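Visitor: after the sequence you'll find the predicted model.
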There are 2 protein chains.
Amino acid sequence: MSRRQIQPISYYNNGILQGNRVILSQAITLVESQKQAHQELAAELVNGLLPHAGKSMRIGITGVPGAGKSSLIETLGMHAISAGKKVAVLAIDPSSAQTKGSILGDKTRMESLANHSNAFIRPSAAGSQLGGVAQKTRESMLLCEAAGYNLILIETVGVGQSEVAVSQMVDFFLLVLITGAGDELQGIKRGVMEMADLIAINKADGQNLPLAKQQAIELNRALSLFPKRTSGYKPHAIPVSAYEALAIDVLWAEFEAFFSKYSEQILTHRKAQNVSWMHQSIEQMLIQNFYNHNAVKQQLAAYEKEIEEGNLSSYQAALKLIQLFGQ
Amino acid sequence: MSRRQIQPISYYNNGILQGNRVILSQAITLVESQKQAHQELAAELVNGLLPHAGKSMRIGITGVPGAGKSSLIETLGMHAISAGKKVAVLAIDPSSAQTKGSILGDKTRMESLANHSNAFIRPSAAGSQLGGVAQKTRESMLLCEAAGYNLILIETVGVGQSEVAVSQMVDFFLLVLITGAGDELQGIKRGVMEMADLIAINKADGQNLPLAKQQAIELNRALSLFPKRTSGYKPHAIPVSAYEALAIDVLWAEFEAFFSKYSEQILTHRKAQNVSWMHQSIEQMLIQNFYNHNAVKQQLAAYEKEIEEGNLSSYQAALKLIQLFGQ
């Protein structure tokens, strides 16, 4: 985007509606841009395309690095394409400074999908605050839908906060674990397991299969202790193998059953999600404006130090900073 | 407070440091007041008493209504007093409009504690937003500490958000379940179980005892699937009976062991909590100012409707409202 001329809004609008992947990609770059002018154009673009968005299955996928999320997305995506779907894969990764963009960065793990004309893969926007990244991923999702993608897979890593953000933009949330449990669960943040609609125990092949089946039983026992969803849907665990494409049809059947059985609840849920996103965007903008305020920036660290040393109460410090902000 | 004259700050300050329960109670009413002048006085009071606060075990207690939290607090509180502690019981209940203040409302369930000179019981502030209630409970806790209470029990109900708030102000979080599991767990919100440092299976007496022991085994199995704490502490479940005072000494020993073994981690954790509270107070003030803004109040519902009908994107609506707010 940096070295390229910005196009008029009709260029992006028409290109997306025609399913042009290059223009879709350019539009997402616009959404991700930090420049005010780009952001305003992007907001207008997304707003205009809203009537064409929403006709997709929105699925979040999480799991620690090494759980085989990429392979699973590759296998699952190809299966969905063979079932007539157009597949978009996005990522939300607020920690990309840490992980150096490992998430979706390695497209070679999704070679078939990356080269298929009915798939669109977009690595995550680097750096920045979670709130901002989440908002941009959500807008990108709407653009993909307007471009005709009707299966959206949003990948994230098991770092807690990003799962919350993803769960607020999808209809269904898949947690990918690896056969052998115990240790790799340590990497999954508290709360993430209870957020999952389905747990896929990956690499359930060869010698691993009996172990994976045993793990599924144990996880189902643990999941039965969690509260039911208001829809009546019960989260559960199943063994799968991305490598041997084992039980991918079972996984796909789970998705299809969910989306056909709970279609009304999903629509209601999305309306609530949309309103909730407005409030989140507002809060994010307020907070961003506050922490970008010069007087606040100059004093913040000093106040934090006083609090840590026990000389100033949290509330008193907050009051003083809000006064500096001029509210 | 309404019909009573406000006193000079030295009145509250000295009264609290002398451990005067009437003045402590008046000061908490000041903290809970919606009036600007009261709030400013309260903030100054809390700030001045900070050097005298912090010397307590801060324990959060949650569980669905009927789990026997009040009886457990009564028994546990009396046990702690016999071990030389001064006990303050506070409540955080954002849903008090719904529950009609059932939480701590019925002091008859804690008769011995309510009448003991080494105990202080304060029902929750009614109504209002969670953020505000949580902030007030936290300030009240600091005042109780300054008044010499060295065991703070903060009760809440299993409604999810309030547990998060409580977990951010305590050192240790106890979840109270009732023998017979399954159904009553349905009342516990997702995420709460993973937040618990200890699960007490209450009413483990008489015929219930074998069942409670079996439940503890199952819960411990489920808990072992959750990630470890960074401190190395492992959350677990134990059967107790508030009614027969069974295993209350075990529960007390759990607390004492935790606070002696992890004292350094607790101090570090509290510093982080304090800074985090400043940021939360700031966010809460920003959001409160926004939603109290006249132009925003007049337009909000209309924008929400447009979003629900799919005519306006969440982000675009947020931008427009922020402009109205004049930022």
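Guide: It's in.

Visitor: just the strands in chain A please.
Guide: A:57-62, A:87-92, A:119-122, A:151-156, A:172-178, A:198-202, A:236-239 (DSSP state E).

Visitor: make CSV out of the ones you listed and add mean neighbour count and distance to chain B.
Guide: To be clear about C-beta, it is placed using only N, CA and C from the backbone, and glycine gets the same treatment. Output for these, formatted as CSV (neighbours: other Cβ atoms under 10 Å in any protein chain shown; distance: least, Cβ to the nearest Cβ, whole Å):
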stretch, mean neighbour count, distance to chain B
strand A:57-62, 24, 14
strand A:87-92, 27, 16
strand A:119-122, 22, 18
strand A:151-156, 26, 16
strand A:172-178, 24, 10
strand A:198-202, 26, 11
strand A:236-239, 20, 11
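
Visitor: any chance of a markdown table for the ones you listed, columns mean pLDDT?
Guide: Below are the strands of chain A laid out as a markdown table (pLDDT from 0 to 100):
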| stretch | mean pLDDT |
| --- | --- |
| strand A:57-62 | 94 |
| strand A:87-92 | 90 |
| strand A:119-122 | 93 |
| strand A:151-156 | 93 |
| strand A:172-178 | 90 |
| strand A:198-202 | 91 |
| strand A:236-239 | 91 |
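
Visitor: contact partners for A:K271?
Guide: Counting by Cβ atoms under 8 Å, 6 or more residues apart in numbering or on different chains, A:K271 makes contact with B:I307, B:E308.

Visitor: show the pLDDT at it.
Guide: Confidence at A:K271, expressed as pLDDT, is 92.

Visitor: just to revisit the earlier point, please convert the strands of chain A to TSV, extending it with distance to A:L219.
Guide: Output for the strands of chain A, formatted as TSV (distance: least, Cβ to Cβ, whole Å):
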stretch	distance to A:L219
strand A:57-62	15
strand A:87-92	25
strand A:119-122	30
strand A:151-156	20
strand A:172-178	8
strand A:198-202	6
strand A:236-239	4
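
Visitor: ok, residues contacting stretch A:306-322?
Guide: A:296, A:299-300, A:303-304, B:40, B:43-44, B:46-47, B:50-51, B:54, B:135, B:138-139, B:142, B:271, B:274-275, B:277-282, B:285-286.

Visitor: then stretch A:245-258?
Guide: With Cβ under 8 Å, 6+ apart, stretch A:245-258 has contacts from A:57, A:59, A:75-76, A:79-80, A:83, A:171-172, A:197-198, A:200, A:204-205, A:233, A:238-242.

Visitor: please enumerate the helices of chain A.
Guide: In chain A, the segments counted as helices under DSSP state H are A:9-17, A:21-32, A:36-49, A:69-82, A:96-99, A:111-114, A:130-146, A:161-167, A:192-195, A:208-224, A:248-261, A:263-291, A:294-308, A:314-325.

Visitor: the ones you listed: lowest mean pLDDT?
Guide: helix A:96-99 (a mean of 40).

Visitor: of all residues in the stretch 1-150 of chain A, which one is closest to chain B?
Guide: Closest residue of the stretch 1-150 of chain A to chain B, Cβ to the nearest Cβ: A:N47 (4.4 Å).

Visitor: ok, that residue - contacts?
Guide: Neighbour list for A:N47: B:L312, B:S313, B:Y315, B:Q316 [criterion: Cβ under 8 Å, 6+ apart].

Visitor: what do you get if the cut-off is 6 Å, keeping everything else the same?
Guide: Contact analysis of A:N47 by Cβ atoms under 6 Å, 6 or more residues apart in numbering or on different chains lists B:S313, B:Q316.

Visitor: near chain B, which residues of the stretch 1-150 of chain A?
Guide: A:A43, A:V46, A:N47, A:L50 (Cβ under 6 Å from any Cβ of the partner chain).

Visitor: try it again at 8 Å.
Guide: Counting by Cβ under 8 Å from any Cβ of the partner chain, the stretch 1-150 of chain A comes close to chain B at A:E40, A:A43, A:E44, A:V46, A:N47, A:L50, A:P51, A:G54, A:Q135, A:R138, A:E139, A:L142.
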